[in-house]
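A.B. asks: sharing a model prediction with you, sequence too.
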Amino acid sequence: MNRPETVIAVDGLRKSYRGTVAVDGISFEAYRGEILGILGPNGSGKTTTLKSVLGLIFYDGGSVRVLGLDPRKDRKRILRSTGAMLEGARNVYWQLSPDENLEYFAGIKGLSRRDIRERRNTLVAQLGLEDVRRKELREFSNGMKQKTALACAFINDPELLMLDEPTLGLDVEITIQIRDLLRASARDDGRSMLVTSHDMDFMESVCDRVLIIKKGKILSHETLDSLRCRFSRKTFRLELDRSPGAEAMLMLKNLGDVQPFDSDASCTLKVVLKDAGLVYGLMDALRADGLRIMDLSTVESDLEDIFLQMIRDDADAPA
Amino acid sequence: MPLHNVFVAEVRMLGWELKRYLFNTGAMVVVMYVLFLGMFWGVKSIGGPGISSVSLDAMVIGYVLWMSALFALQGTGGVVQSESERGTLEQLYLSPYGAEVIFFFKSVTATLFNFLLITLMLYLTMLTTGRMLPVNLLFFYPVLFVSLLSLTGIGFMLGGIGLVHKRIGAVNGLLSFGLIGLMLLPVYPLNGFSFIPFLAGAHTITEHIVNGASFPLWWYLFVAANSVFYLWIGLVVFRIFERKARSLNKMGQY
């Protein structure tokens, strides 16, 4: 099987701002046609990572290669094949129309009006901007402005797209439209994307792989399927004949995270083990308290569960 | 991906903005005109019949030159501030040609547009005051354009400072009004004041139009060298601050 082509290679990236570490030795790769998500709490280093890859920020250490080039030396060549949306709706000129914004941003990338005519029409149609394409953006909702900003990121037909919070503050309908555009673009055009977002559902539906980062370090670097698989092997729904006693509860909590499955049923627990191998310990704890298992099943975790669990696990881990 | 498309984009942007802000542009012309009238009649009534016609002529030209200097000074500094406020500054930095080229083209398009405005102002003021000066536009525009490059350099300096410190309006205001006083300094023959940006060029234009003076070739070369020097130093300062802004991640902040 052919190895996928690497379009972004980050190795040991480090960045501090006046003594505060923002990115602490991050390494990862992104491949052609892949949508790679970066998830993390506020201040975890997502945007710094993305901007370092774009060459907007000078990093302190490590190396970055984009499309095989060094952004410190070949930034201009990289930017010819790159599009980005960094501040959502604020990334476009509100006093201009979507058509004018598209023409301007194509122009500063060296493209003429004739070069982009067809592409502009396609993007306007794909994002449902036909009816408003000649109206000033200031008259629009945030969603329309954000869609225009996204269209501008696409206008030079980039090989690589960097999107910082592309769905921030958008309603479900527009989020779905953006998701569909990104998926189709990766699938049909082989476009690669680096996306940061807090929107778990969006990330789950759009990304092939996610990096989970916290305090500038990578906690996980896996495909969504592999993450789900890893978590489903250690996440259980446990229905018992009664609530566990205090001692049993303590034993269970030593094995992982234990919570009532829903607020009414204290006999039904959701147990996320620290490691899949601890399942024997779980059985021992139940047996020691004389509890009977009425039902036991694995639970498919969604990205939000996985993300929260990883952040919690990291907080519990000894420094 | 030819560079001229970047320039065309800036010209088109200027056109769209003028169209959107037509009222503002019109109001600006009216304010400039009214301000001049106030100054002209004020000076005339204070000076009384003793005021020479040469002084009034110099005032007409001086006012027009000062206006054009203001536009050039606000160039890159103003652009950096407004783009930061809007949130579009980082997008300009994603142009493969670099933000400097975009800022320079913005300055050039703004200067060319300002030539239209100041020509309108020049003829309006001459008509109003009845002082019809022999303005040779083929001399006036090139010398003014080259002289203004020195202020474009100062604009780049202010723009660089603006990338890091964001608000630079106070400095801009100080320089703008300071320039009125500076323009009264004697700069010919060559002396220390001649090295201040824009003054040599402004003096050359004023003397040529008002007194019909001519200057040796070396003086014109000096005016050009002065502009190239300040443009160069402006770009150097801009790059120093730009590196700092990119190091501190100040680009996307406002």
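C.D. replies: Done, it's in.

A.B. asks: now do the helices in the stretch 101-250 of chain B.
C.D. replies: B:137-165, B:169-182, B:199-211, B:217-247 (DSSP state H, counting those that start in this stretch).

A.B. asks: dump those helices to CSV, plus distance to residue A:8 and mean neighbour count.
C.D. replies: C-beta: built from backbone N, CA, C; applies to glycine. As requested, the helices of the stretch 101-250 of chain B are exported to CSV (distance: least, C-beta to C-beta, whole Å; neighbours: other C-beta atoms under 10 Å in any protein chain shown):
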stretch, distance to residue A:8, mean neighbour count
helix B:137-165, 26, 23
helix B:169-182, 40, 14
helix B:199-211, 49, 22
helix B:217-247, 19, 18
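
A.B. asks: what is the burial count for the closest residue to chain A within the stretch 1-150 of chain B?
C.D. replies: Nearest to chain A, among the residues of the stretch 1-150 of chain B, is residue B:9, at 2.4 Å (C-beta to the nearest C-beta). Using other C-beta atoms under 10 Å in any protein chain shown, residue B:9 has 25 other residues around it.

A.B. asks: also residue A:228?
C.D. replies: Residues within reach of residue A:228, counting by other C-beta under 10 Å, total 19.

A.B. asks: what's the separation between it and residue A:234?
C.D. replies: 11 Å (C-beta to C-beta, to the nearest Å).

A.B. asks: would you pull up the residue in the stretch 1-150 of chain A closest to chain B?
C.D. replies: residue A:107 (2.4 Å).

A.B. asks: not counting sequence-adjacent ones, nearest residue to that residue?
C.D. replies: residue B:9 (2.4 Å; C-beta to C-beta, 6 or more residues apart in numbering or on different chains).

A.B. asks: same question, residue A:91
C.D. replies: Nearest to residue A:91 is residue A:149, by C-beta to C-beta, 6+ apart, at 4.2 Å.

A.B. asks: quick one: the one you found is in a helix?
C.D. replies: Yes. Counting by DSSP: H, G, I helix; E, B strand; the rest coil, residue A:149 is found in a helix.

A.B. asks: as a markdown table, the helices of the stretch 101-250 of chain B with mean pLDDT would be great.
C.D. replies: As requested, the helices of the stretch 101-250 of chain B are exported to a markdown table (pLDDT from 0 to 100):
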| stretch | mean pLDDT |
| --- | --- |
| helix B:137-165 | 91 |
| helix B:169-182 | 80 |
| helix B:199-211 | 92 |
| helix B:217-247 | 94 |
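
A.B. asks: which one, of the ones you listed, ends up nearest to chain A?
C.D. replies: Of all these, helix B:217-247 comes closest under C-beta to the nearest C-beta, at 4.7 Å.

A.B. asks: for chain A, what lies in contact range of chain B?
C.D. replies: Along chain A, the residues adjacent to chain B under the rule C-beta under 8 Å from any C-beta of the partner chain are A:17-18, A:48, A:51, A:54, A:56-58, A:76-77, A:79-80, A:82-84, A:86-87, A:90-96, A:100, A:103-112, A:115, A:136, A:152.

A.B. asks: mind redoing it with 7 Å?
C.D. replies: Proximity of chain A to chain B (C-beta under 7 Å from any C-beta of the partner chain) is limited to residues A:17, A:48, A:51, A:54, A:56-58, A:76, A:79-80, A:84, A:86-87, A:90-93, A:95-96, A:100, A:103-105, A:107-112.

A.B. asks: which of the residues you listed count as buried?
C.D. replies: A:48, A:51, A:54, A:56-58, A:79-80, A:84, A:86-87, A:90-93, A:95-96, A:100, A:103-105, A:107-112 (16 or more other C-beta atoms under 10 Å in any protein chain shown).

A.B. asks: and the lengthiest helix in chain B, which residues are buried?
C.D. replies: Scanning chain B for the longest helix, with DSSP state H as the assignment, gives helix B:53-86. Of all the residues in helix B:53-86, those buried under the rule 16+ other C-beta under 10 Å are B:56-81, B:83-84, B:86.

A.B. asks: over to stretch A:299-319?
C.D. replies: Across stretch A:299-319, burial judged by 16+ other C-beta under 10 Å covers A:299, A:301, A:303, A:305, A:306, A:307, A:309, A:310, A:311.

A.B. asks: what would the residues you listed look like in a markdown table with secondary structure?
C.D. replies: Formatted as a markdown table, these follow (three-state DSSP):
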| residue | secondary structure |
| --- | --- |
| A:299 | coil |
| A:301 | coil |
| A:303 | helix |
| A:305 | helix |
| A:306 | helix |
| A:307 | helix |
| A:309 | helix |
| A:310 | helix |
| A:311 | helix |
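
A.B. asks: ok, which pair from those is furthest apart?
C.D. replies: Largest separation among these by C-beta to C-beta: A:299 and A:311, giving 18.4 Å.

A.B. asks: and residue A:26, which of the three is it?
C.D. replies: At residue A:26 the chain is in strand, as set by three-state DSSP.

A.B. asks: leaving out chain neighbours, which residue sits closest to residue B:51?
C.D. replies: Nearest non-adjacent residue to residue B:51, counting by C-beta to C-beta, 6+ apart: residue B:44, 6.3 Å away.

A.B. asks: just checking, the one you found is part of a strand?
C.D. replies: No. Residue state for residue B:44 (three-state DSSP) corresponds to helix; a strand is not indicated.

A.B. asks: what about it, neighbour count?
C.D. replies: Around residue B:44 there are 15 other residues, counting by other C-beta under 10 Å.

A.B. asks: for the nearest residue to residue B:83 once chain neighbours are set aside, give me its contacts.
C.D. replies: Among residues not flanking residue B:83 along the chain, residue B:89 sits closest, at 4.1 Å (C-beta to C-beta, 6+ apart). Applying C-beta atoms under 7 Å, 6 or more residues apart in numbering or on different chains, we find residue B:89 in contact with B:80, B:83, B:251.

A.B. asks: the last one is in contact with residue B:93, isn't it?
C.D. replies: Yes. Judged on C-beta atoms under 7 Å, residue B:251 makes contact with residue B:93 at a distance of 6.4 Å.

A.B. asks: write out the residues of chain B neighbouring chain A.
C.D. replies: Checking chain B against chain A by C-beta under 7 Å from any C-beta, the hits are B:1-3, B:5-6, B:8-9, B:12-13, B:16-17, B:20, B:86-88, B:90-98, B:102, B:243, B:246-249, B:251-252.

A.B. asks: among those, which ones are buried?
C.D. replies: Buried subset of those (neighbour count, 16+ other C-beta under 10 Å): B:5-6, B:8-9, B:12-13, B:16-17, B:20, B:86-88, B:90-98, B:102, B:246, B:249, B:251-252.

A.B. asks: in helices, which of these fall?
C.D. replies: Counted as lying in helices by DSSP H, out of these, are B:5-6, B:8-9, B:12-13, B:16-17, B:20, B:86, B:90-92, B:102, B:246.

A.B. asks: tell me the SS of the residue most central in space within chain A?
C.D. replies: By C-alpha atoms, centre = their mean, chain A has its centre lying nearest to residue A:37, at 3.0 Å. When classified by three-state DSSP, residue A:37 comes out as strand.

A.B. asks: quick revisit: quick one: which of the helices of the stretch 101-250 of chain B is nearest residue A:210?
C.D. replies: Closest among the helices of the stretch 101-250 of chain B, using C-beta to C-beta: helix B:217-247, at 27.4 Å.

A.B. asks: sorry, back to before: let's have the contacts of residue B:89 in CSV, adding pLDDT.
C.D. replies: Converted to CSV, the contacts of residue B:89 look like this (pLDDT from 0 to 100):
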residue, pLDDT
B:80, 82
B:83, 87
B:251, 78
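
A.B. asks: could you dump these to a markdown table with distance to residue B:218?
C.D. replies: Below are those laid out as a markdown table (distance: C-beta to C-beta, whole Å):
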| residue | distance to residue B:218 |
| --- | --- |
| B:80 | 36 |
| B:83 | 40 |
| B:251 | 43 |
